[in-house]
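**Student:** Starting from these lines, generate the structure:
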Amino acid sequence: MKKLGKNIRIKLNGKALMVSLAVTMLSSCIVITDDDYGPSGNDGKAYFGIDYDWTPPYSYWDNNPQVPNNPFFGEYYRTWSGTYEFEYFINEWEYWYGTYHIYVNAGQHGQPYGQQGYDGLDSFLLLICNQDGFYMDSWDECDCSRSEMDDGAQVIEGKNGDHSFKIEMKKANVRERPTNNIPKYKLSPDA
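**Tutor:** Numbering: from 1, shown residues only. Next up, the predicted model:
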């Protein structure tokens, strides 16, 4: 009878040992919940430039400090988000003026399980300084919209990845609206 009692006690102690081992193992596991999101992705960069199709503008001015004097046509300059004023003369008397707003595409929020969010797309705006106002080379790819205000101003918006901008512009002449801005670019008399 004594042998039987020892065997039962050993079997009970073995079960207790297994249960306590299982509890210890489970409590030492790292548990990741949906609250463990990674960092947000990096914000995209913004780029701005000016260009023309057939005839260069007579002069160009804007108050964006990232655009240098005598900017190269067709060249992009790294810039910051914000609203900037501009004017470009198509001859000595007529010009377009308005504002352009540059957006920076934010990086996406962090992903579950500590994964970093996707980086924001870079955005590009090339202000085509034509006599009839702004247009996009590739309207189909841009997903842009154009509308006209009651006062004749044009509003062009693009909000999809690399085309994130808003332009408001109106045509004027120096008799209606004199300007005193010193151009960043002026067509040389030899051109």
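**Student:** residues of the lengthiest strand in the chain that come out buried?
**Tutor:** In the chain, taking DSSP state E as the definition, the longest strand is strand 163-173. Judged by neighbour count (16 or more other Cβ atoms under 10 Å), strand 163-173 contains these buried residues: 163, 164, 165, 166, 167, 168, 169, 170, 171, 172. All C-beta atoms are positioned from the backbone trio N, CA, C, and that covers glycine.
**Student:** same thing with stretch 87-99?
**Tutor:** Neighbour-count burial for stretch 87-99 [16+ other Cβ under 10 Å]: 87, 88, 89, 90, 95, 96, 97, 98.
**Student:** Contacts for it next, please.
**Tutor:** Stretch 87-99 is contacted by residues 50, 55, 57-62, 83-86, 127, 129, 131, 133-134, 153, 167-175, 177, 179, 181, 183 when judged by Cβ atoms under 8 Å, 6 or more residues apart in numbering.
**Student:** Kindly export it (C-alpha atoms) in CSV.
**Tutor:** The C-alpha trace of stretch 87-99 is given here as CSV (Å, rounded to 0.1, in the frame of the first residue of the first chain):
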residue,chain,number,x,y,z
GLU,A,87,3.7,87.5,-61.6
TYR,A,88,4.9,86.8,-65.1
PHE,A,89,4.8,89.4,-67.8
ILE,A,90,4.0,88.2,-71.4
ASN,A,91,5.1,91.5,-72.8
GLU,A,92,6.0,94.9,-71.2
TRP,A,93,2.3,95.8,-70.5
GLU,A,94,0.3,92.5,-69.9
TYR,A,95,0.9,90.0,-67.2
TRP,A,96,-0.6,87.1,-65.2
TYR,A,97,-0.5,87.3,-61.4
GLY,A,98,-1.8,85.3,-58.5
THR,A,99,-0.8,82.7,-56.0
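**Student:** tell me the mean pLDDT for it?
**Tutor:** Here stretch 87-99 scores 96 as its mean pLDDT.
**Student:** okay, now the closest residue to residue 187 other than its chain neighbours: neighbour count?
**Tutor:** Once flanking residues are discounted, residue 187 sits nearest to residue 58: 5.2 Å by Cβ to Cβ, 6 or more residues apart in numbering. With neighbours defined by other Cβ atoms under 10 Å, the count for residue 58 comes to 19.
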